[in-house]
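K.L.:
Please work out how this folds:
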Amino acid sequence: MQTDRPVFGTRWTVVLGGFLVSMMGGLSYSWGVFVEPLGKHFGWSKSYSMLPMSVFMVVFSITMIPAGRIQEKYGTRWMITLGAFLFLIANSLSAMLRIVAFRGWLVLTYGVIGGLACGITYSCVAPSIRRWFPDYPGLAVSLGVMGFGLASFIFAPLKAQVIIPKFGLDGTFVVIALITFVITLIASRLVVFPTDQWHMHIYGAMHLPDRTGMVRSNIPPGQMLRKSLFWLIWSSFLLSVYGSLLIIGILPSYGFEVVKLSGGKAAIPISLFALSNGLCRPIAGFLSDKVGILNVLSVVFLLQAATFILFPFLITSFPALLVAAIVLGLGIGASLALYPVLTSECFGVEHLGVNYGLVFSAYGFGAIAIQGGAYLRDRSGSYTISLILAGVLTLISIAILYRIRVIYKLG
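P.N.:
Reported below is the predicted structural model:
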């Protein structure tokens with residue numbers, strides 16, 4: 001395993017590197033701005049236009065598992081460098097969409113190759129940061145993964161209002177290829193594992209809110225999969241993330257069709273969703289260190305469930321859509337900030353790369369929401385069924401979190 005000192009001699013440099021890595025992966029969140037242009041230029045349905053994004057998410061989550069094991073053995077630097085080149089290849093090939101007469105081209109390039117790049121790079125973020133911060137695990141990890149949410153806030157309106165109108169779909173993929181390659185390559189120099197002294201100090205350390213100093217053993221992946229606690233955590237993640245991924249896919253189209261917004265204006269809600277998603281992560285991490293991970297998740301998920309259930313009936317104006325986007329951004333932000341910390345608290349940090357990869361596989365299964373929501377819209381002409389279903393599933397997730405709290409006495 002790679003051991004190193006952080007660049008510039010401060011462990012917060014590792015957090016900065018994680019932030020940059022996650023931001024490049026988070027560019028995928030702004031895929032929704034491509035849906036209308038793809039339908040206009042190629043006559044694709046919404047469900048087909050969302051297919052590259054769906055495949056991206058599935059490949060991303062599956063790749064996290066083997067990538068987590070590889071980075072634990074060989075370190076993060078070369079893994080992130082590899083991801084940088086895969087981002088370059090994926091988006092450069094995607095730019096050839098008009099040249100290659102193949103409907104599944106974006107699925108193979110953006111979906112498969114881009115998903116591999118994201119899984120390889122993102123697998124290095126939480127494990128490396130968590131090892132450096134036994135004292136503030138929630139805050140540090142959430143700051144590192146904050147870039148995943150903020151990416152769409154920056155790039156969704158930029159794509160919709162500037163890059164796509166000026167360079168077209170092909171040119172936009174070229175711009176993304178260059179941005180992701182350069183920034184990910186820079187970040188590869190920042191994200192490192194701690195020295196052996198730090199490493200040994202924090203293995204197995206617990207930092208639950210009760211401050212008992214309890215130390216739990218580091219549980220290997222095979223043993224973790226046999227524990228009911230893992231499946232409860234996995235299920236709660238899956239059910240809560242369904243709605244978040246659904247809204248990422250349909251929010252721009254909902255604004256365009258239901259609220260009757262222009263293409264550029266329809267990108268604003270997804271941008272605010274991303275801003276809320278990103279900014280809430282360090283807040284959720286800070287609060288989790290104070291009052292407990294499950295308490296924070298339960299409150300956020302309750303707000304998310306209510307918003308989804310009321311969405312089809314109340315969200316018919318631009319201001320209402322903006323408020324809903326902000327509230328729903330809290331759900332995915334808190335989930336992606338706190339589930340890696342919850343995994344480390346329950347199963348230790350020695351195998352966190354693989355263990356969180358297994359937990360994160362729920363994210364890939366949740367990606368069916370992207371495709372399912374678009375399919376139901378094409379079939380029924382309405383988003384109502386998908387939105388209410390998302391609310392109900394989130395309520396079930398809250399019930400599972402309550403069961404974890406009662407059985408395992410977690411905060």
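K.L.:
for the stretch 301-411 of the chain, what spans make up the helices?
P.N.:
Along the stretch 301-411 of the chain, counting by DSSP state H, counting those that start in this stretch, helices occupy 318-347, 352-366, 368-380, 384-408.
K.L.:
Adding mean pLDDT and distance to residue 306, write the ones you listed out as CSV.
P.N.:
The way it works is simple: take the backbone N, C-alpha and C, and place the C-beta from them, glycine included. Supplementary listing: the helices of the stretch 301-411 of the chain in CSV, determined by pLDDT from 0 to 100; distance: least, CB to CB, whole Å:
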stretch, mean pLDDT, distance to residue 306
helix 318-347, 90, 9
helix 352-366, 88, 20
helix 368-380, 73, 18
helix 384-408, 91, 7
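K.L.:
looking at those helices, which is closest to residue 289?
P.N.:
helix 318-347 (8.8 Å; CB to CB).
K.L.:
and the closest one, how far from the chain's centre?
P.N.:
Helix 318-347 sits 9 Å away from the centroid of its parent chain (CA atoms, centre = their mean, to the nearest Å).
K.L.:
What segments of the stretch 151-300 of the chain are helices?
P.N.:
Ranges of helices in the stretch 151-300 of the chain, per DSSP H, counting those that start in this stretch, are 164-187, 196-202, 221-224, 228-257, 263-291, 293-314.
K.L.:
Which of the ones you listed sits closest to residue 386?
P.N.:
The minimum distance between residue 386 and the helices of the stretch 151-300 of the chain falls on helix 228-257, with 5.8 Å, by CB to CB.
K.L.:
Please compute how far the closest one lies from its chain's middle.
P.N.:
In this view, helix 228-257 has its centroid 10 Å away from the chain centroid, taken as CA atoms, centre = their mean.
K.L.:
packing partners for it?
P.N.:
For helix 228-257, the packing partners by 3 or more CB pairs under 8 Å, 6 or more residues apart in numbering; DSSP states H and E come out as helix 32-42, helix 51-74, helix 263-291, helix 293-314, helix 318-347, helix 352-366, helix 368-380, helix 384-408.
K.L.:
which of the residues in that helix are buried?
P.N.:
Within helix 228-257, the residues that count as buried by 16 or more other CB atoms under 10 Å are 230, 232-257.
K.L.:
Chain neighbours aside, what residue packs nearest to residue 121?
P.N.:
In space, and not counting its chain neighbours, residue 121 is closest to residue 83: 3.6 Å by CB to CB, 6 or more residues apart in numbering.
K.L.:
ok, now residue 218?
P.N.:
Counting by CB to CB, 6+ apart, the nearest residue to residue 218 once its immediate chain neighbours are dropped is residue 348, at 3.2 Å.
K.L.:
How many residues are close by the one you found?
P.N.:
22 (other CB atoms under 10 Å).
K.L.:
So it versus residue 131, what's the distance?
P.N.:
11 Å (CB to CB, to the nearest Å).
K.L.:
Quick check: which ranges of the chain have low pLDDT?
P.N.:
Low-confidence segments of the chain (pLDDT under 70): 1-9, 101, 195-217, 263-264, 370, 374, 410-411.
K.L.:
cutoff 50 now
P.N.:
Residues of the chain meeting the criterion pLDDT under 50: 1, 197-215.
K.L.:
helix, strand or coil for residue 98?
P.N.:
For residue 98, the assignment made with DSSP: H, G, I helix; E, B strand; the rest coil gives coil.
K.L.:
Surely it touches residue 170?
P.N.:
Yes. Using CB atoms under 8 Å, residue 98 is in contact with residue 170, at 6.1 Å.
K.L.:
Wait, residue 41 touches residue 169, no?
P.N.:
Yes. Residue 41 is within contact range of residue 169, at 6.9 Å (criterion: CB under 8 Å).
K.L.:
The two: which has the busier surroundings?
P.N.:
It is residue 169, of residue 41 and residue 169, that has more neighbours when counted by other CB under 10 Å, with 20 against 12.
K.L.:
residues touching that one, list them.
P.N.:
Taking CB atoms under 8 Å, 6 or more residues apart in numbering, we find residue 169 in contact with 34, 37, 38, 41, 97, 98.
K.L.:
give me the number of residues near the fifth one?
P.N.:
Counted with other CB under 10 Å, residues neighbouring residue 97 total 20.
K.L.:
Could you measure from it over to residue 336?
P.N.:
To residue 336, residue 97 is 29 Å away according to CB to CB.
K.L.:
Residue 387 versus residue 261, what's the distance?
P.N.:
According to CB to CB, residue 261 stands 18 Å off from residue 387.
K.L.:
nope, residue 345 is what I meant
P.N.:
According to CB to CB, residue 345 stands 32 Å off from residue 387.
K.L.:
Return the residues in contact with the residue nearest to residue 105 when sequence neighbours are not counted.
P.N.:
Distances taken as CB to CB, 6+ apart put residue 97 closest to residue 105, at 5.7 Å, once the chain neighbours are dropped. Listed by CB under 8 Å, 6+ apart, the contact set of residue 97 reads 105, 106, 169, 170, 173.
K.L.:
got it, and residue 29?
P.N.:
148, 149, 151, 152, 156, 248, 270, 274, 277.
K.L.:
distance of it from residue 10?
P.N.:
Distance from residue 29 to residue 10, by CB to CB: 29 Å.
K.L.:
My understanding was that residue 362 contacts residue 234; is that so?
P.N.:
Yes. Counting by CB under 8 Å, residue 362 does reach residue 234; the two are 5.0 Å apart.
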